[in-house]
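> Give me a 3D structure for the following:
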Amino acid sequence: MKVSVDADVCYGSGECAFRAPAVFGFEDGYGFVLPGREESGDDDELIRDIAERCPSQAIRIDGRRVTD
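Take a look at the predicted model:
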């Protein structure tokens, strides 16, 4: 599963970085995926839950919003 944050959609709630600091970071008011964490493994269920709860729906899994 490949995870990313769409910077054009993210409005910086920081929820992703708060809930999964080993996968997501927060800088300059926006969330991002930490280098080397773009491919998830053991965290798949947590990442999917975070993506579903992202208020701006900026987190993409395999290039798609989880609500698509």
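> Glu39 is in contact with Asp62, correct?
No: contact status for Asp62 versus Glu39: not in contact, 10.5 Å apart, counting by Cβ atoms under 8 Å. Using the backbone N, CA and C atoms, a C-beta is placed for each residue, glycine as well.
> residues shared between the contacts of those two?
Counting by Cβ atoms under 8 Å, 6 or more residues apart in numbering, the common neighbours of Asp62 and Glu39 are 1-2.
> Give me the helices and strands touching the helix ranked longest in the chain, please.
Ranked by residue count, the top helix of the chain under DSSP state H comes out as helix 44-53. Contact partners of helix 44-53 among helices and strands, from 3 or more Cβ pairs under 8 Å, 6 or more residues apart in numbering; DSSP states H and E: helix 15-19, strand 59-61.
> any low-confidence regions in this protein?
For the chain, applying pLDDT under 70 flags the ranges 68.
> can you do 90?
Counting by pLDDT under 90, the ranges of the chain that qualify are 1, 36-44, 63, 65-68.
> before we move on, the earlier item: go ahead and name everything in contact with the longest helix of the chain.
Residues outside helix 44-53 that contact it (Cβ under 8 Å, 6+ apart) are 1, 3, 15-16, 19-20, 23-24, 40, 59-61, 65-67.
> Pull out the buried members of those residues.
Listed as buried from the contacts of helix 44-53 are 3, 15-16, 20, 23-24, 40, 59-61, 66; burial here means 16 or more other Cβ atoms under 10 Å.
> What is the most widely separated pair among these?
Across those, no pair lies farther apart than Glu15 and Ser40, at 16.9 Å, counting by Cβ to Cβ.
> From Lys2, how far out is the closest residue to Gly29 other than its chain neighbours?
With sequence-adjacent residues excluded and distances taken as Cβ to Cβ, 6 or more residues apart in numbering, Gly29 is closest to Gly12, at 4.2 Å. Distance of Gly12 to Lys2, given as Cβ to Cβ, to the nearest Å: 22 Å.
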